[in-house]
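Novice: I'll drop the sequence and a predicted model, then ask my questions.
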Amino acid sequence: MKKIWLCLMTICMIGLLTGCSGSAGADADVTEIRVAFNQNEQHPQYLAMKELGEKFEEATDGRYKMKIYPNGVLGEQGAMAEFIRTGALQMAIVPCSVPEGYDADFAIVGAPYLYDGIDHMEKVVVNGVFDDLFYSARKYNFQVLTVYTAGERNVYMDQPVESAADLKGKIIRVNDSPTYIEMVKLMGGSGTAMAQSEVYTALQQGVIDAGENSELVYNDFKHYEVAPYYIYTKHIVHPDVVIASTEFLDSMSEEDRAIFDKLVIESTQTEFATFKEKIEEAKQIVTEKGTQFCYPDVEEFRELCQPLLDRIAGQSDVTKKIYDDIVAMREGEE
C-alpha cells in the first residue's frame with residue numbers, strides 16, 4: 001500500500017506541475033518559471049533566486065513570472081531533478097551531488113580543500129571555469145546554470161583543536177557521502193553519517209565528538225550549546241547548484257536567453273555577498289553565546305587530504321583542466 005500511495009502522490013505532483021504552466025485570458029502568454037528549493041524564504045539562495053525572478057519579469061515586460069516553492073514542499077531534491085528532466089519543472093536549487101549522480105565529473109565542484117575560501121569559489125564560478133562541464137549535462141535534459149554557495153564547512157566540538165593530532169580518533173558527523181567519510185579519515189578522525197536533525201542530541205550525549213558545517217547551520221541549530229569550539233578547518237566550500245530544464249531554456253528567444261544568462265551571473269554574485277553577510281551575523285550571535293574560534297594550520301589538513309583531491313581531480317581530462325584552472329586562480333596567482 002505504501003508504494004501505491006507514493007506512486008499516486010508522485011503522479012499528482014507531476015499533474016500539478018504540468019497543469020499550471022499558463023493561465024487563461026490576458027495571462028495566456030505568461031510563462032511561469034517554477035523553482036524547487038528545500039530551504040526557507042530567508043536563506044541567501046532564496047533571496048538571490050527571488051531577485052533573479054523579479055528582474056527577469058521586469059526585463060521581459062512580464063512575459064516570464066517566477067514562483068519559488070521553498071521548504072522542500074515539492075519533495076526530495078533528487079526527485080526534483082527527474083521532474084526537471086521531463087520538463088514538468090523548470091528550475092531547482094540542489095546539492096552538487098545531484099548532477100554528480102548523473103556524471104561523476106561533477107565531484108570536482110565540491111572537492112575537499114579545492115578552494116581557499118568563499119571568495120575563491122566565487123571567482124572560479126563567475127569566470128566560467130565550470131561552464132563546459134555545466135553545459136555537458138544537457139545530454140541528461142537539464143543544464144547546470146551556476147553555483148550558489150552554502151558556505152564554508154568547518155569542524156566544531158567541545159574542545160579546541162590546534163592541529164590534526166587533536167582530531168585523532170574523534171567521531172565526526174558528516175553528510176552521507178563516501179568522499180566526506182574518506183576526507184575525515186585523512187584528517188585523523190572517523191566520519192559517521194547522520195541526519196542534521198540528530199546532531200545536537202548526538203553531541204550532547206557523546207555519541208559523536210564533533211559536527212561540521214557552516215556558521216549559519218551551527219547557529220541555526222544552536223550547536224554552540226553543546227560544541228562551544230568552532231574550528232576553521234576549511235575542509236569544504238560547499239556548492240549548491242542551480243539546474244534548469246533544457247526544454248525551458250530552449251523555449252526562450254535568443255534575446256530573452258541573453259537577458260536570463262546575464263541575470264543568473266548577477267544572482268550568483270548577490271547570493272555570495274548575502275551569504276557572507278549572513279555568516280558575519282551568525283558569528284556575532286555565537287560569539288555572544290560563548291563560542292571560541294580556533295584557527296589551526298589549514299595547509300596541514302590540505303596536505304593530508306591531497307591524495308583524495310588528486311584522485312577526484314585526475315578522474316578525467318575534464319576534471320584535470322578544471323583543477324588546474326582553479327589552482328591558478330588561488331589568491332595571489334593568475
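Specialist: Cool, got the structure.
Novice: hey, let's count contacts and neighbours off CA atoms from now on
Specialist: OK.
Novice: pretty sure residue 136 contacts residue 145?
Specialist: No: Residue 136 is beyond contact range of residue 145, at 11.1 Å (criterion: Cα atoms under 8 Å).
Novice: out of these two, which sits in the more crowded spot?
Specialist: More neighbours surround residue 145 than the other of residue 136 and residue 145, with 19 against 14 (other Cα atoms under 10 Å).
Novice: For that one, what is the enclosing helix or strand?
Specialist: Secondary-structure element containing residue 145, defined by DSSP states H and E: strand 142-157.
Novice: So what's the gap between that strand and the chain middle?
Specialist: On the basis of Cα atoms, centre = their mean, to the nearest Å, the separation between the geometric centre of strand 142-157 and that of its chain is 3 Å.
Novice: what's that strand packed up against?
Specialist: With contacts defined as 3 or more Cα pairs under 8 Å, 6 or more residues apart in numbering; DSSP states H and E, strand 142-157 has these neighbours: helix 118-126, helix 131-136, strand 210-213, helix 215-220, strand 229-245, helix 254-288.
Novice: which stretch among these comes nearest residue 179?
Specialist: With distances scored as Cα to Cα, the stretch of the helices and strands packed on strand 142-157 nearest to residue 179 is strand 229-245 (11.2 Å).
Novice: helices or strands up against the closest one?
Specialist: Under the contact criterion of 3+ Cα pairs under 8 Å, 6+ apart, strand 229-245 touches helix 77-85, strand 91-95, strand 142-157, strand 292-294, helix 298-313.
Novice: Tell me which of those sits nearest to residue 70.
Specialist: For the helices and strands packed on strand 229-245, the distance to residue 70 is smallest for strand 91-95, at 10.0 Å, taking Cα to Cα.
Novice: With mean pLDDT and distance to residue 228 as added columns, please give the helices and strands packed on strand 229-245 in TSV.
Specialist: Formatted as TSV, the helices and strands packed on strand 229-245 follow (pLDDT from 0 to 100; distance: least, Cα to Cα, whole Å):
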stretch	mean pLDDT	distance to residue 228
helix 77-85	89	32
strand 91-95	96	28
strand 142-157	97	6
strand 292-294	98	6
helix 298-313	97	20
